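Asker: Quick one: sequence and predicted model below, then my questions.
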Amino acid sequence: MRLVPILTLCLVAALPCGADDMRVAPGAGTLANAIAGADPGDVLTLESGRFEGAIVIDRPLTVTGPQDAIIDGMGQGTTITIDAPDVTLRGVTVTGSGMNGEDLDAGVKILEGADRALVEGNRLLGNLHGVDVHGGRDAQVRGNVIEGTRDPRMNDRGNGLYVWNSPGTVLDGNDVRWGRDGIFSNASRGGTYVNNTFRDLRFAVHFMYTNNSLVAGNVSVGNHLGYAIMFSNRVDVTDNLSLGDADHGIMLNYANNADVSGNLVRGGTNKCTFIYNSHKNLIFDNTFQGCGIGIHFTAGSERNVLTGNAFVGNREQVKYVGTKDVEWSHEGRGNHWSDHPAFDLNGDGIADSSFRPNDLMDHILWSQPAASLLTGSPAVQLIRWAQSSFPATLPGGVIDSAPLMTAPDRPVPQKYQAMEAKALARRAERHPDDFDIDDLASH
C-alpha cells in the first residue's frame, strides 16, 4: 500500500504544472522577455501602456489585456507572429507593422502549424494587413476592430483579414475599415466568414480559389465591390447586405456550384450582380434594388437557376448578352419585376403573363451605344410596341414564365442605413483609384 502514494506523486510530477497568470509591465522588450520565460499554458496579462518591439509567440500562451495595452511593432515586419498551436490573443491594441507588401507584414500573422489560434476582441490599427492567417488551421478571428492604411493608391494597401491555405478558418463579427480588401481568401477551403462589417474598401469579401466556404450575415457599406467570388467552387453567399457599394454588389467570376440567397444589394451600385463565366449556381430569394443594372449575365454562363429574386427599380433589370432563350423560373416560381405590369386573377401570387426584361432595342443599344440618341424616337417606340404585341418577333434572351407579384420585405437596421447614407454622400468626393473594377485580370 505504501507504493500507492509514491506512484501518485510520480504521476503528478510528470504532469505540467498549473498555468500561471503573469502580469507584464509596459516597456521595450518586456513582453518578449515574458514570453521567453513562460511555460505552455501560462496567461500573460498586460498592463496599460506601450509594449515596443515585434514579438513571436512560440508556445501555447494566452496574451490578454486592456485596449490601452498597445503592442507596437515600431514599423518593422509583423508586429505579432503566432508560431505555436493553441495561442490566444485577446483584448489589446496592435499597431506599427512594417509596410513591405512582399513580406506580407501584418499586425498579427498565424503561421503554418499554429493551429487553433484565437484572436479575439482586439484593435488592429494602421497595419499593412490586419490579421494574416497564413497556413494555420482552424483559426478563429472574432470581434476585432481592424482599421487599415489609407494610402492614396488603394492597391498598395493591405487587407484587413487575409487567409491563405488555412482550412477551417472562422472570421466572425469583425469590423473592418480602410485598407484594400476586407477579407481576401486565397487557396483555402472550409472557411466560415460571418457577421462582419466592411467599409471604405476595394472589395468587402474577395475569394480566389477558395472552396466549400460560407459567407453569411456580412454587411458591406460604401465599398467599390461587395462580394467577389472568383475561381471558387461550392461557396454559400447567404443573407448579406451590400449597401451603397459603387460598382458591383455581388460578382461570380469563374465560380461554380454556389448558393447565392437572401442577399440585399441596393443603393446606386453600377451592377447589383455580375455573373461572368459561372455555371450551375443557384441564385434565389435575393433583392437587387436601385442599381444601374440589376444583373449582368455574360461569357457563356450556363445551367444557373434563378428563382424568387426581386428586381426592384433598376434602370436596366437584366443585361443578358446571348441569342437563345434562357428560362428564369424554377418549378413554377419565377422572380419579381417592378416594371412588369402584371395581373393575378386567380390570386396565387404568380402573374398571369410571362415577362421578358429585354427586347431587340436593348440588344442594339448594348452593341451600338450611340443608338441611345434614338431611344425616344417614334421609330424605336414603334419597334418596342410591335415586339410587346407580337412576342414571336422578340430576340433570344431571358424569359420568366412565372413572375412573382410581390417582393419580399428586407428591413435594414437603422445603424446600417446611416452608414449607407454617409457613403452615398461621400461618393462624389472620392478620388479615382488605380484599378478598373471590370478588368478581371487585375483582381
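Answerer: Happy to help now that I have it. Residues are numbered from 1 along each chain as shown.

Asker: Quick check: phi and psi at Ile35.
Answerer: phi -60, psi -40 (degrees, to the nearest 10).

Asker: Retrieve the pLDDT associated with it.
Answerer: pLDDT, Ile35: 98.

Asker: From Asp156, how far off is it?
Answerer: 32 Å (CB to CB, to the nearest Å). In this view, the C-beta of every residue, glycine as well, is placed from N, C-alpha and C.

Asker: mind checking pLDDT for the residue lying closest to Asp400 once chain neighbours are set aside?
Answerer: Distances taken as CB to CB, 6 or more residues apart in numbering place Gly334 nearest to Asp400, at 4.1 Å, with adjacent residues excluded. Looking at Gly334, its pLDDT is 97.

Asker: now do Leu111
Answerer: Confidence for Leu111, expressed as pLDDT, is 98.

Asker: Apart from its chain neighbours, what residue comes closest to it?
Answerer: Nearest one to Leu111, counting by CB to CB, 6+ apart, is Asp83 at 5.0 Å.

Asker: how many other residues sit next to that neighbour?
Answerer: The local packing of Asp83 (other CB atoms under 10 Å) involves 16 other residues.

Asker: Surely it and Glu112 touch.
Answerer: No - between Asp83 and Glu112 there is no contact under CB atoms under 8 Å: 9.1 Å.

Asker: Roughly how far does Asn233 sit from Ile55?
Answerer: Counting by CB to CB, the gap from Asn233 to Ile55 is 38 Å.

Asker: Between these two, which is the more surrounded one?
Answerer: Ile55 (21 against 17).

Asker: Please report how far the more buried one lies from Ile82.
Answerer: Counting by CB to CB - Ile55 and Ile82 are separated by 10 Å.

Asker: before we move on, what about Tyr320?
Answerer: 48 Å.

Asker: More neighbours: which of the two?
Answerer: More crowded of Tyr320 and Ile82, by other CB under 10 Å: Ile82, with 30 against 22.

Asker: any idea of the pLDDT on that one?
Answerer: Looking at Ile82, the pLDDT reads 98.

Asker: Would you mind listing the residues in contact with it?
Answerer: Ile82 makes contacts with Ile57, Leu89, Val108, Lys109, Ile110, Leu111, Ala114, Ala117, Gly136, as judged by CB atoms under 8 Å, 6 or more residues apart in numbering.

Asker: So which of these is the closest to Tyr162?
Answerer: Lys109 (9.1 Å; CB to CB).

Asker: The closest one and Gly73 touch, don't they?
Answerer: No - contact criterion CB under 8 Å: Lys109 and Gly73 do not qualify, at 10.8 Å.

Asker: which neighbours do the two share?
Answerer: Ile80.

Asker: can I assume Leu44 sits in a strand?
Answerer: Yes - judged by DSSP: H, G, I helix; E, B strand; the rest coil, Leu44 forms part of a strand.

Asker: Give me the number of neighbouring residues for it.
Answerer: Neighbours of Leu44 (other CB under 10 Å): 20.

Asker: measure it to Leu89 for me?
Answerer: 10 Å.

Asker: what's the overlap in contacts for those two?
Answerer: With CB under 8 Å, 6+ apart, Leu44 and Leu89 have common neighbours Thr62, Val63, Thr64.

Asker: how about Gly262, what does it touch?
Answerer: Thr238, Asp239, Asn240, Asp285, Asn286.

Asker: which ones are touching the nearest residue to it once chain neighbours are set aside?
Answerer: Closest residue to Gly262 apart from its sequence neighbours, by CB to CB, 6+ apart: Asp239 at 4.2 Å. Contacts of Asp239 were listed using CB under 8 Å, 6+ apart, and they are Ala216, Gly217, Ser261, Gly262, Asn263.

Asker: Counting neighbours, which of these comes out on top?
Answerer: Result: Asn263 is most packed of the contacts of Asp239 (other CB under 10 Å), 27 neighbours.

Asker: dump the residue contacts of that residue.
Answerer: Tyr227, Val237, Thr238, Asp239, Asn240, Leu241, Ser242, Gly249, Ile250, Asn286, Thr287.

Asker: quick one: it from Val205, how far?
Answerer: 12 Å.

Asker: quick revisit: the residue nearest to Leu111: what's it in contact with?
Answerer: So Asp83 contacts Val56, Ile57, Asp58, Leu111, Gly113, Ala114 (CB under 8 Å, 6+ apart).
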